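1. mind folding the following:
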Amino acid sequence: MLSLPQDIELPFFAYGAFKPGELAYTQIERFLGDQAVQALAKGRLLIRDGLPLFDDEGSGSISGWLLTFSAENCRIGYEAICNFEPKAIYFWEKTTLSSPPVVANVLKGKMLTKGRPQDFEKDSWSFDLDPVFQYGLKAVEEISNQLGQESFAAAPPESFDWPRFFRLQMAYLLLWSAIERFASFAYGPGLRPEQKIICLGADIRFISAIEKHLPSESQEVSDSRDPSKKSHLDLAHPEEAADYFYQVRCNLSHRGKGAWLDGEIVRESLLILLGAFKEMLSSHKSIPK
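-> Okay, here's the model as predicted:
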């Protein structure tokens, strides 16, 4: 866990996931005492593995927000940030902002010469500028529209439509790359994959979206590593949907009579999960940034 900043009574300069309108802002919004104020800091903005990194050695400006916690919630607010951000990537430091000219706590990036960080082309970061959201989801949707509308027919292995199946599976894996990236920005980049799935399944935004897309009939898949473990897709238990869809992602395809069933599971999962995830993003984008 990231340690608290030295002075927790100072405001927080947010330039990443905690900015108003970004995915993690709701985790600290209730602890704020004053209204968020747009702010500028001297430095340069780097990106490494999709995460924004503050570098005060730059001569440019970084656009962000000045967030001030109420006196009684300073510790709780900063603890929420420290629980979210990995200490292997960030550390606390004080900085004097260009505008407004106040001293604030900021998370600076560690090891900026390692891992091939790149200069960000803008002075303001947002999760939806990530290529996986700008371009990757469009590729998923194109494949879904072209190849996912028609059901697979039962067929022997030699005549099963393997090329279509694998293209749908490729799209499904790319969709999960976007979802895992979303989970990093919404729940914490330091979480393990299974922790992200738990957080997604409990996210009211996901539950609300998935309820509109689930089929009326329940379905189940088994864990290929432990066939006794099953995951369920059930309208009565939408909180279990994230685990089901992730299990579909992890399972391998079968030969023989099971191939067409695997094809249908992947095809239907792609359509349902893509629809729900797009709805999550659409509802979030309605928040002004």
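
2. distance of Glu239 from Cys74?
-> Separation of Glu239 from Cys74 (Cβ to Cβ, to the nearest Å) stands at 33 Å. Quick note: C-beta positions are derived from backbone N, CA and C, even for glycine.

3. look at the two and report which has more neighbours.
-> Neighbour comparison, Glu239 and Cys74: the larger count goes to Cys74, with 21 against 16 (by other Cβ atoms under 10 Å).

4. excluding covalently adjacent residues, which one is nearest to that one?
-> Sequence neighbours aside, Ile8 is the residue nearest to Cys74 in space, at 4.5 Å (criterion: Cβ to Cβ, 6 or more residues apart in numbering).

5. let me know how buried Asp119 is, in neighbour terms.
-> Close neighbours of Asp119, defined as other Cβ under 10 Å, add up to 11.

6. with Glu194 instead?
-> Number of residues near Glu194 (other Cβ under 10 Å) recorded here: 10.

7. for the protein, which spans come out with low pLDDT?
-> For the chain, the stretches with pLDDT under 70 are 157, 222-228, 252-258, 285-289.

8. in it, which spans are strands?
-> For the chain, applying DSSP state E gives strands covering 12-14, 37-42, 44-48, 51-55, 61-67, 90-96, 103-109, 118-119, 219-223, 226-233.

9. for Ile204, which of those is the nearest?
-> Of all the strands of the chain, it is strand 226-233 that lies closest to Ile204, at 18.6 Å by Cβ to Cβ.

10. for the residue lying closest to Cys199 once chain neighbours are set aside, what are its contacts?
-> Of all residues not flanking Cys199 in the chain, Tyr187 sits nearest, at 4.0 Å (Cβ to Cβ, 6+ apart). Contacts of Tyr187 were listed using Cβ atoms under 8 Å, 6 or more residues apart in numbering, and they are Ala24, Phe84, Gln195, Lys196, Cys199, Leu200.

11. can you say which of these are buried?
-> Buried members of the contacts of Tyr187, counted by 16 or more other Cβ atoms under 10 Å: Ala24, Phe84, Lys196, Cys199, Leu200.
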